[in-house]
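Undergrad: the amino acid sequence is not available; the structure is as follows:
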């Protein structure tokens, strides 16, 4: 196995492990537990679940595999803070499905990507910038979104009693 | 720049960014705030700071650059849960210094490492296992410890009022 193949494999192993950790929390905690705040006055589980989902939904565009499925939810879960009145927020059961679908869509695409594809620029990078900063490639998107999951996983485990 | 060099660069950029985020919290929060729990009944900031420090201290051994500096603190911050009586726990001011020293030691070593070094086995991996699982190299240690920082950073930001 070449080094190129090795590090794509390392990055994908880490991504999968982090998705599985969130999935394990989803299996362990009932919908009503996702309505709780991670700490008094802080974000609720439902907001963080929706937040992770829209970020992964957006990765479809960033990696060039298609449009996002839930553009209307970016405002609810990304550009605005947790609206605890619940207005415009889909139920946890729906978000579970969206989360699962977004990750399945990415996983399918990852299988079709060559090692070289991972080193190509992502869609929000100009060709000029990419010449100057070739480390800002699709693989860097995968790595940063993996850390993003780790960050919020550290918060979501606080929903466990 | 070769793909090998690129990948090591990406991993080091991410590592540095995560260390800086913890450093920024250390600059923003006074010692007494680190005594607070991240959520009622959960770990205190001081425990998580010590925990991150001993994990980074241990990386010296895992990456083969020398012995850990604070072996006695592994029990306090890694193998045992947060002991809120404070017994055996150094003050926050001391942990700040240990944290800074551990990261400076690693940063110095990283500068001396070649790209090839990152793809070599870490010290707790047998040669036989490494043949079977070459992705478990020093770079994978860096990636997993970066995610580990992200996980606890997500918790430590809850100390901010």
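TA: Structure's in. What do you need? From a predicted model like this one, the values you see are computed outputs, not experimental measurements. Residues are numbered from 1 along each chain as shown, chains lettered A, B, ... in the order given.
Undergrad: wait, a helix at residue A:10?
TA: Yes. Under DSSP: H, G, I helix; E, B strand; the rest coil, residue A:10 sits within a helix.
Undergrad: how about it, what does it touch?
TA: B:135, B:139-140, B:143 (Cβ atoms under 8 Å, 6 or more residues apart in numbering or on different chains). Backbone N, C-alpha and C define where each C-beta goes, glycine included.
Undergrad: filter those residues down to just the ones in helices.
TA: Applying DSSP state H to the contacts of residue A:10, the entries found in helices are B:139-140, B:143.
Undergrad: give me the subset of the residues you listed touching chain A.
TA: Contacts with chain A within the ones in helices among the contacts of residue A:10, counted by Cβ under 8 Å from any Cβ of the partner chain: B:139-140, B:143.
Undergrad: just the buried members of those?
TA: B:139-140, B:143 (16 or more other Cβ atoms under 10 Å in any protein chain shown).
Undergrad: can you give me the helices for chain A?
TA: Counting by DSSP H, the helices of chain A are A:3-28, A:45-62, A:73-74, A:92-112, A:115-118, A:127-132, A:138-156.
Undergrad: and the ones you listed as TSV, adding mean pLDDT and distance to residue B:107?
TA: Compiled in TSV, those are given as follows (pLDDT from 0 to 100; distance: least, Cβ to Cβ, whole Å):
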stretch	mean pLDDT	distance to residue B:107
helix A:3-28	95	21
helix A:45-62	98	30
helix A:73-74	97	37
helix A:92-112	98	32
helix A:115-118	94	27
helix A:127-132	92	24
helix A:138-156	97	19
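Undergrad: mind giving me TSV with those helices and columns for distance to residue B:99?
TA: Formatted as TSV, the helices of chain A follow (distance: least, Cβ to Cβ, whole Å):
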stretch	distance to residue B:99
helix A:3-28	24
helix A:45-62	27
helix A:73-74	36
helix A:92-112	34
helix A:115-118	33
helix A:127-132	33
helix A:138-156	18
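Undergrad: so what's the spatially most central residue of chain A closest to, chain neighbours aside?
TA: Among the residues of chain A, the one closest to the centroid is residue A:56, at 3.4 Å (Cα atoms, centre = their mean). With Cβ to Cβ, 6 or more residues apart in numbering or on different chains as the criterion, residue A:56 has its nearest non-adjacent residue at 4.3 Å, and that residue is residue A:102.
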